[in-house]
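Undergrad: Here is the input, now give the coordinates:
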Amino acid sequence: AKYPAKALTLLRNCNRDAVFALCDSASEENVSRLLEQLFRNVKRRILRDRVGALLSDESQVPALASLLGALNTDTMVEIVKTVPAEKLRIVLSAPPDKLADLVRGVATEALEPVLIPILKEPDEVLRDKVIPLVECTRHVHRITAA
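TA: Down below sits the predicted model:
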């Protein structure tokens, strides 16, 4: 492995079943590309605290797998580097298919400047406004069409 210390740090702080479920749910190419970029560009402490926290709960795997298919790797890495795990956990509680449709609807060049500030909103805004909007919208891609 190219980054053994980071890989071990991540594995020590994850739920093994969640890691296996993510590997089974997302494409091997997407998982490999993301891990390579995370190991290369994210500090070990952030891997432990953020990615470890996200992969400690198997119930979040479907949403993570959907996002892996919908977001480019650079955006995923930037999200991991800048958005606290607690906020990501809230967002990952949204239905995975709707979450993926939502981010697919945002133009690639607008993903980081639009998505990351939304993800940094107070927990109450994410939990009480953003998630219900995503959950109750039938055609979630229309939210981003404007």
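Undergrad: Name the nearest residue to residue 65, ignoring sequence neighbours.
TA: residue 25 (3.7 Å; Cβ to Cβ, 6 or more residues apart in numbering). The C-beta positions use only the backbone N, C-alpha and C, and glycine is treated the same way.
Undergrad: Please apply the same query to residue 93.
TA: Using Cβ to Cβ, 6+ apart, the closest residue to residue 93 is residue 131 (6.1 Å).
Undergrad: Send me the helix or strand containing that neighbour as CSV with only the CA atoms.
TA: Using DSSP states H and E, residue 131 maps to helix 131-136. Listed next in CSV are the C-alpha coordinates belonging to helix 131-136 (Å, rounded to 0.1, in the frame of the first residue of the first chain):
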residue,chain,number,x,y,z
ILE,A,131,-33.6,16.9,4.5
PRO,A,132,-37.4,17.3,4.5
LEU,A,133,-37.2,19.2,1.2
VAL,A,134,-35.2,16.4,-0.4
GLU,A,135,-37.5,13.7,1.1
CYS,A,136,-40.8,15.3,0.0
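Undergrad: which regions of this protein sit below the pLDDT cut-off?
TA: 1, 144-146 (pLDDT under 70).
Undergrad: Now do the helices in it.
TA: Secondary structure of the chain by DSSP state H: the helices cover 4-12, 16-25, 28-41, 44-46, 52-54, 61-70, 73-82, 85-91, 96-104, 116-119, 123-125, 131-136.
Undergrad: From the opening residue of stretch 124-136 to its closing one, how far?
TA: 17 Å (Cα to Cα, to the nearest Å).
Undergrad: Over to stretch 44-56?
TA: 16 Å.
Undergrad: ok, and what's touching that stretch?
TA: 5-6, 9-10, 12-15, 18-19, 22, 38-39, 42, 60-61, 64, 80-81, 83-85, 88-89, 92 (Cβ atoms under 8 Å, 6 or more residues apart in numbering).
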